[in-house]
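Asks: I would like to see how this sequence folds:
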Amino acid sequence: MEDEDSDPVSDVECLTVHDAADIAASGKRNVDVVILLPSTIDAVSDEEVGDEDDLTPSSLPSDVAGPLVVHFHKDGHDDTEVRSAETHNAGKQLKSQKHDSPKWKDKCNYKEPVEFQPLTKLCQSHPELAVKNPLELFSLYYNDELRRLIISESVNYARQKNDQQFALDESQLDIFMAVLIFSGYHTLPHERMYWCRDEDLDVNFVSSRMSRNRFEDLKRYLYLADNDHIDLSDKLYKIQPLVAHINDKLQQHGIFSQFLSIDEEMVPYFGHHSAKMFIRSKPIRFGYKLWVLASDSGYPYKFMVYCGKSTEEDSTQVKKYGL
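Replies: Reported below is the predicted structural model:
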């Protein structure tokens, strides 16, 4: 027969320091509160600040690194207190054990095998790109074709707005685009401040190359779509030529990465448009949501602007091929 003193002591596992303190203070037996090693690493540190002998609720930390165990000593008392403590904490323990592992949804099983082709690295297929400077690389996307499209449609749009004097050439368009890119990383509270002559605001890079009135005229008439041939079912018909052009240029060298990912990205926008989204859990809550197919290095191969529920044709394609 096993000796009574050798019976294992009873332990009660707790989720928080407050629960452990309540259980330790509820009985008359000697107890130890033990912090076990965490099963996973998170932002909680095991270095807590406070008095170890002070168990008042106000002095206890809000969280600890690992699970807590209240260890009851065998000192002649019955196990009523232990059973009471176990019953008190059973519901919380059961809840803590129900951690469902992440599950992928909307999987697509292909009936036919997906075609596989060996990939060639970009430095091997196009070694001439290694010697190009940033402006030459940018010109591979912002090329003469896109310039002609913007100039043609912008002039046509100005004529539709009864402005017969508006004209635009490639050099002025390049300066206008440069100012837009420059304002992306050199931000000022207001657009007109780029032409302010005050000593603390003078931006000679902008004001010496284009006047404020000329910049505002180009911004007013900048256009990309042909209003004589528009698809009203497309919410983004005004910028669809630009989206198609960029997607085409992003894949001009093919796909040169084996590991691809699809994720969403929010572009901030606070104006009025039917494609604007509101997602409460995102850092950028208001704006356009973009689906982007990118490589593991961050290079985007294709993007699309989410405009709401897909059409019947698009839904069929999604069900057949997946996202």
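Asks: ranges for the strands of the stretch 51-200 of the chain?
Replies: Under the criterion DSSP state E, counting those that start in this stretch, the stretch 51-200 of the chain carries strands at the ranges 68-72.
Asks: what ranges of the stretch 101-250 of the chain fall below the confidence cut-off?
Replies: Residues of the stretch 101-250 of the chain that meet the criterion pLDDT under 70 lie in 101-108.
Asks: Can you tell me which residue is spatially central in this structure?
Replies: What sits nearest the mean C-alpha location of the chain, by CA atoms, centre = their mean, is residue 265, with 5.4 Å.
Asks: Which residue, neighbours along the chain excluded, lies closest to it?
Replies: Excluding the flanking residues, the one nearest residue 265 by CB to CB, 6 or more residues apart in numbering is residue 290, at 4.7 Å. Heads up, the C-betas are built off the backbone N, CA and C, glycines and all.
Asks: So that neighbour sits against residue 305, correct?
Replies: Yes. Counting by CB atoms under 8 Å, residue 290 touches residue 305, with 5.8 Å between them.
Asks: what is in contact with the two at once?
Replies: Residues touching both residue 290 and residue 305 (CB atoms under 8 Å, 6 or more residues apart in numbering): none.
Asks: Give me the three-state assignment for the residue lying closest to residue 282 once chain neighbours are set aside.
Replies: Once flanking residues are discounted, residue 282 sits nearest to residue 266: 5.3 Å by CB to CB, 6+ apart. For residue 266, the secondary structure call by DSSP: H, G, I helix; E, B strand; the rest coil comes out as strand.
Asks: Could you report the neighbour count for the closest residue to residue 296 other than its chain neighbours?
Replies: Take residue 296 and drop its neighbours on the chain: the residue closest to it by CB to CB, 6+ apart is residue 259, 4.2 Å away. Residues within reach of residue 259, counting by other CB atoms under 10 Å, total 8.
Asks: how much space between residue 259 and residue 119?
Replies: Using CB to CB, to the nearest Å, we find residue 259 at a distance of 10 Å from residue 119.
Asks: and what of residue 128?
Replies: Separation of residue 128 from residue 119 (CB to CB): 19 Å.
Asks: The two: who's more crowded?
Replies: Counting neighbours by other CB under 10 Å for residue 128 and for residue 119 shows that residue 119 has the greater number, 13 against 6.
Asks: Assess the claim that the residue nearest to the centre of the chain and residue 289 are in contact.
Replies: Yes. With contacts counted by CB under 8 Å, residue 265 reaches residue 289, the gap being 7.5 Å.
Asks: Contacts only, for residue 261.
Replies: By CB under 8 Å, 6+ apart, residue 261 lies in contact with 293, 294, 295, 296.
Asks: What of residue 190?
Replies: By CB under 8 Å, 6+ apart, no residues touch residue 190.
Asks: backbone phi and psi for it, please?
Replies: phi -140, psi 150 (degrees, to the nearest 10).
Asks: Residue 277 now?
Replies: phi -110, psi 160.
Asks: Now do it against residue 288, distance only.
Replies: With CB to CB as the criterion, residue 277 and residue 288 are 7 Å apart.
Asks: and for these two, which residues touch both?
Replies: Common neighbours of residue 277 and residue 288, using CB under 8 Å, 6+ apart, are 266, 306.
Asks: Helices along the stretch 51-200 of the chain, start to end?
Replies: Using DSSP state H, counting those that start in this stretch, the helices found in the stretch 51-200 of the chain span residues 80-97, 122-125, 134-139, 144-160, 170-185.
Asks: average pLDDT for the first one?
Replies: Pointing back at helix 80-97 there. Here helix 80-97 scores 53 as its mean pLDDT.
Asks: which SS class is residue 291?
Replies: strand.
Asks: Equivalent analysis for residue 33, please.
Replies: Using three-state DSSP, the structure places residue 33 in strand.
Asks: Could you report the distance from the residue lying closest to it once chain neighbours are set aside to residue 285?
Replies: Leaving out its chain neighbours, the residue that sits closest to residue 33 by CB to CB, 6+ apart is residue 20, at 4.9 Å. From residue 20 across to residue 285, the span is 39 Å (CB to CB).
Asks: Tell me which of these two has more neighbours.
Replies: Using other CB under 10 Å, the more surrounded residue of residue 20 and residue 285 is residue 20, with 26 against 12.
Asks: how near is the more buried one to residue 35?
Replies: 9 Å.
Asks: which ones are touching residue 144?
Replies: By CB under 8 Å, 6+ apart, residue 144 lies in contact with residue 170.
Asks: at 7 Å what do you get?
Replies: Contact analysis of residue 144 by CB atoms under 7 Å, 6 or more residues apart in numbering lists nothing.
Asks: Now do the helices in the stretch 201-323 of the chain.
Replies: Taking DSSP H, counting those that start in this stretch as the criterion, the stretch 201-323 of the chain carries its helices at 204-207, 212-221, 240-250, 312-321.
Asks: In a markdown table, list these along with mean neighbour count and distance to residue 191.
Replies: Shown next, in a markdown table, are the helices of the stretch 201-323 of the chain (neighbours: other CB atoms under 10 Å; distance: least, CB to CB, whole Å):
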| stretch | mean neighbour count | distance to residue 191 |
| --- | --- | --- |
| helix 204-207 | 14 | 10 |
| helix 212-221 | 15 | 8 |
| helix 240-250 | 15 | 21 |
| helix 312-321 | 10 | 37 |
